[in-house]
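S.K.: Compute the structure for the input listed below.
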Amino acid sequence: MRRFIPFLKSPPVVSVIRMQGMIASGARGTLNDQALAGLIQKAFTKGKPTAVALSINSPGGSPTQSSLIAARIRRLAEEKDVKVYAFVEDVAASGGYYIASAADEIWVDRHSIVGSVGVISAGFGFDQLIDRYGIERRVYTAGKSKSMADPFQPEKPDDIARIKALQEHIHAGFINHVKDRRGARLNTDTELFDGSIWVGDEAMPTGLIDGVGHLVPKMKEVFGDKVQLRPYQMKKPFFSRFGASLVSDALAEVEDRAAYARFGL
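M.R.: Here you go, the predicted model:
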C-alpha cells in the first residue's frame, strides 16, 4: 500500500544475487551466463533497486562464462545507474574473483579466500598405460593440430607451447579486467597476478578488496536500518528435485568439491 500513498518515501531496496558453485557452460547446478541472465536482469530492473549486492561463493571455472557474467553485470549497472557491491563467502578465486571485480566494492569475511588471478588447465597422460597393455591408439585428422594434447599420446613440445600461448592470452584479459575495475586501489608494488591467494584482511594491502564486512550489516550501514534486501538465486530444474538426474548431479558435486579442495575448503 505504501506505493499508493503520495509523498511517503519508500525504504531503499537492495537486490541480492546469490552465486554459488563452479562456473561452467551448461553443466547442471553451475554458474553460467545463460542460467544467470534472467536473474541478473530482474535484480537490476524489478522494483527500481537502489543497489545490487552479489553474494559470491565460487572457486572459479570457465574464463569465458566468467567474462560474460561480469560483462552483463557491468552493462546493467551502467544502464540503470546502480552501484554494485560484492560480498565473498568462503571463496571468490579465479573466475569467482573475475565476477566479484565486476562490482564497485568487494567485501569479504575474515576467513574468505580471494585472488588466484591466473589460468590453469590440467589432465592426465595415459600413453604409457595403454602401451603396457598392448593397446594401439588410432587417430585420423585433417589438420596437424586437431589432436593437440591427446592424453593417449606422449606430450609434444609444440602442443605445450600452443596451450601456454592460449593461457597467456586469457591471463592478459583477466589482468586487464582487474586493472580496469580496481584501478588506483591496486598495490603496484605487490605481485597480484601470479595466481596467489589471500585470506580475509590479508588482501587489503593488495587493493583486491575494499575491506572486511558482511552483507546485511554493511547494507544497513550504507542505506540505513530500513533497507529491504530482495534475494535472487538460481533454482534447480524441476525434474532434478525428484531425483531424475542423480548421476549427473553427483558428478557435478564431485567436480565442485574438487575445485573447492584446491583452496583447502
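
S.K.: Given the host helix or strand of Arg18, what are its sheet partners and their directions?
M.R.: Counting by DSSP states H and E, the element that carries Arg18 is strand 13-20. Strand 13-20 has these partner strands in its sheet, going by DSSP bridges: strand 51-58 (parallel), strand 228-233 (parallel).

S.K.: Determine which stretch of those is the most buried.
M.R.: strand 51-58 (a mean of 24; mean count of other CB atoms under 10 Å). From N, CA and C alone the C-beta is placed, and that goes for glycine too.

S.K.: Show me what the following helix or strand past that one is packed against.
M.R.: As assigned by DSSP H and E, the chain's next helix or strand after strand 51-58 is helix 63-80. Identification of packing neighbours for helix 63-80 by 3 or more CB pairs under 8 Å, 6 or more residues apart in numbering; DSSP states H and E yields helix 33-45, strand 51-58, strand 83-93, helix 95-100, helix 157-182.

S.K.: and those as TSV, adding distance to Asp194 and mean pLDDT?
M.R.: Below are the helices and strands packed on helix 63-80 laid out as TSV (distance: least, CB to CB, whole Å; pLDDT from 0 to 100):
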stretch	distance to Asp194	mean pLDDT
helix 33-45	28	96
strand 51-58	20	98
strand 83-93	13	98
helix 95-100	14	98
helix 157-182	10	92
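
S.K.: Just send those back as TSV, with distance to Ala142 too.
M.R.: Listed next are the helices and strands packed on helix 63-80 as TSV, based on distance: least, CB to CB, whole Å:
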stretch	distance to Ala142
helix 33-45	32
strand 51-58	39
strand 83-93	39
helix 95-100	34
helix 157-182	17
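
S.K.: do you know which of those lies nearest Phe126?
M.R.: Among those, helix 157-182 comes nearest to Phe126, with 15.2 Å by CB to CB.

S.K.: now that closest one: how far from the chain's centre is it?
M.R.: In terms of CA atoms, centre = their mean, to the nearest Å, the centre of helix 157-182 is set 17 Å apart from its chain centre.

S.K.: now swap in stretch 14-25 and tell me
M.R.: Mean-position distance between stretch 14-25 and its chain equals 8 Å (CA atoms, centre = their mean).

S.K.: Thank you kindly, that will do.
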